[in-house]
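Visitor: Okay, here's the prediction I keep looking at, along with the sequence it came from:
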Amino acid sequence: MPRLGLPRVLIVGCGDVGQRCLTILRTRFRVFAVTSREAGRAALREAGAVPMIANLDDAASLRRLGGLSPRVLHLAPPPTAGNDDPRTAALLHRLARPAQLPRATKDRILPERARRSGRLTGRLKTRLQAHAFVYASTSGVYGDAGGAWVDESRPVNPTTARAQRRVAAERRVRWFGAGGGWRTSIVRIPGIYAAERLPVARLERGTPALRAEDDVYTNHIHADDLARALIAALFRGRPQRVVHASDASELRMGDYFDAVADARGLRRPPRISRAEAVQQIEPSLLSFMSESRRLRNTRLTRELRVALRYPTVADFLRCEP
């Protein structure tokens, strides 16, 4: 059980990546981890966290999170429908303590019902200035870049509802950081992989990949390196900064599948044209095959000073037993 005197960190969304963050943090911090299921308490406690029962879809259940920790990792995804992210709105509302927010910021990040919940004092306690909030977003907010290199200054161009929800969440986080006394960081994440997160099932099903002339560039990060990047943003991130948590791979999607197939002794996927893919591949999967970009990770390595354990997918596959 963590010692009571340790500094606190709150993880909201303690799935696979959150658990990896917890493993790193638990020796030096008292880590609080949110679960929406009573059955999840025991596993979190065994992993070294203080479990908190809360549901981002139930604002009343978030009461205990306000003031709980000056450092928050928000790793929970938006809802699966709509163009907004009320989950992030509810979390920020609880962390912000609306009575302390300037009106301009309050009007932007809080729904109308929440804005009527308290009087404004115009004061922010000094200790809030050290608070840090990291939001795990997605590189899908850029849409299709035609294979171009993309840095964090590129305007977002979401082309799916999934990406639009992420953009909405990012905007709320930015407004929150601008006026809520928290230093906020947005970490845009590409495809996450690990030994147990490789596209093996897809390869075994024989799902086709695009032929070279139709293929798209894709980006990757190992789950352990991602956990380290998120923690680095928590302590080293610059205010209101976006960072790509991406490795240095320069792979087209079909080449990635080929590399994994070769490493696992599986058959490479058949290659088909984009026109054939529209007929054969389900729309949700096809959407990932319609956006091409290459992420620059200069901020990750220079500003956050993250030295990737696996600089490329090839480095990982060479090391995998």
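Guide: Here it is on my side, so go on.
Visitor: As a check, name the ranges of all strands in the stretch 51-200 of the chain.
Guide: Assigned by DSSP state E, counting those that start in this stretch, the strands in the stretch 51-200 of the chain fall at 71-74, 131-138, 149-150, 182-189, 191-193.
Visitor: Please point out which parts of the last one sit buried.
Guide: Think strand 191-193. Using 16 or more other C-beta atoms under 10 Å as the test for burial, strand 191-193 gives 191, 193. In this view, the C-beta of every residue, glycine as well, is placed from N, C-alpha and C.
Visitor: so who does the closest residue to residue 291 other than its chain neighbours touch?
Guide: Spatial nearest neighbour of residue 291, excluding adjacent residues (C-beta to C-beta, 6 or more residues apart in numbering): residue 144 at 4.4 Å. Contact partners of residue 144, counting by C-beta atoms under 8 Å, 6 or more residues apart in numbering, are 157, 159, 290-293.
Visitor: Now, of these, which are buried?
Guide: 290-293.
Visitor: wait, which of these is closest to residue 76?
Guide: For these, the residue nearest residue 76 by C-beta to C-beta is residue 291; the value is 23.3 Å.
Visitor: dump the residue contacts of that closest one.
Guide: 140, 142-145, 159, 216.
Visitor: ok, of those, which come out buried?
Guide: 140, 142-143, 145, 216.
Visitor: Output those in JSON lines; the columns should cover distance to residue 307.
Guide: Output for those, formatted as JSON lines (distance: C-beta to C-beta, whole Å):
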{"residue": "140", "distance to residue 307": "26"}
{"residue": "142", "distance to residue 307": "25"}
{"residue": "143", "distance to residue 307": "30"}
{"residue": "145", "distance to residue 307": "27"}
{"residue": "216", "distance to residue 307": "28"}
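Visitor: re the thing from before, turn the contacts of residue 291 into JSON lines, columns for distance to residue 234 and pLDDT.
Guide: Shown next, in JSON lines, are the contacts of residue 291 (distance: C-beta to C-beta, whole Å; pLDDT from 0 to 100):
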{"residue": "140", "distance to residue 234": "23", "pLDDT": "97"}
{"residue": "142", "distance to residue 234": "24", "pLDDT": "98"}
{"residue": "143", "distance to residue 234": "28", "pLDDT": "97"}
{"residue": "144", "distance to residue 234": "31", "pLDDT": "97"}
{"residue": "145", "distance to residue 234": "28", "pLDDT": "97"}
{"residue": "159", "distance to residue 234": "30", "pLDDT": "93"}
{"residue": "216", "distance to residue 234": "32", "pLDDT": "97"}
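Visitor: Hmm, residue 193 is touching residue 312, no?
Guide: No. Applying C-beta atoms under 8 Å, one finds residue 193 not in contact with residue 312, separated by 11.3 Å.
Visitor: picking that back up, of the strands of the stretch 51-200 of the chain, which approaches residue 16 most closely?
Guide: strand 191-193 (8.1 Å).
Visitor: Now do that closest one: distance to the chain's middle.
Guide: 11 Å (C-alpha atoms, centre = their mean, to the nearest Å).
Visitor: immediately after it, which helix or strand?
Guide: Going down the chain from strand 191-193, the next helix or strand is helix 200-205, by DSSP states H and E.
Visitor: pLDDT of the next helix or strand after that next one, averaged?
Guide: The helix or strand immediately downstream of helix 200-205 is strand 209-210, counting by DSSP H and E. Here strand 209-210 scores 97 as its mean pLDDT.
Visitor: returning to that earlier point: closest to residue 279 out of the strands of the stretch 51-200 of the chain?
Guide: Among the strands of the stretch 51-200 of the chain, strand 191-193 comes nearest to residue 279, with 24.4 Å by C-beta to C-beta.
Visitor: helices or strands next to the closest one in the packing?
Guide: Here strand 191-193 touches strand 220-222, helix 223-236, going by 3 or more C-beta pairs under 8 Å, 6 or more residues apart in numbering; DSSP states H and E.
Visitor: Recalculate using a threshold of 6 Å.
Guide: The helices and strands touching strand 191-193, judged by 3 or more C-beta pairs under 6 Å, 6 or more residues apart in numbering; DSSP states H and E, are strand 220-222.
Visitor: mind checking how far the strand it packs on is from the chain centre?
Guide: How far strand 220-222 lies from its chain's middle: 12 Å, per C-alpha atoms, centre = their mean.
Visitor: do the same with stretch 200-214
Guide: Worked out by C-alpha atoms, centre = their mean, stretch 200-214 lies 26 Å from the chain centre.
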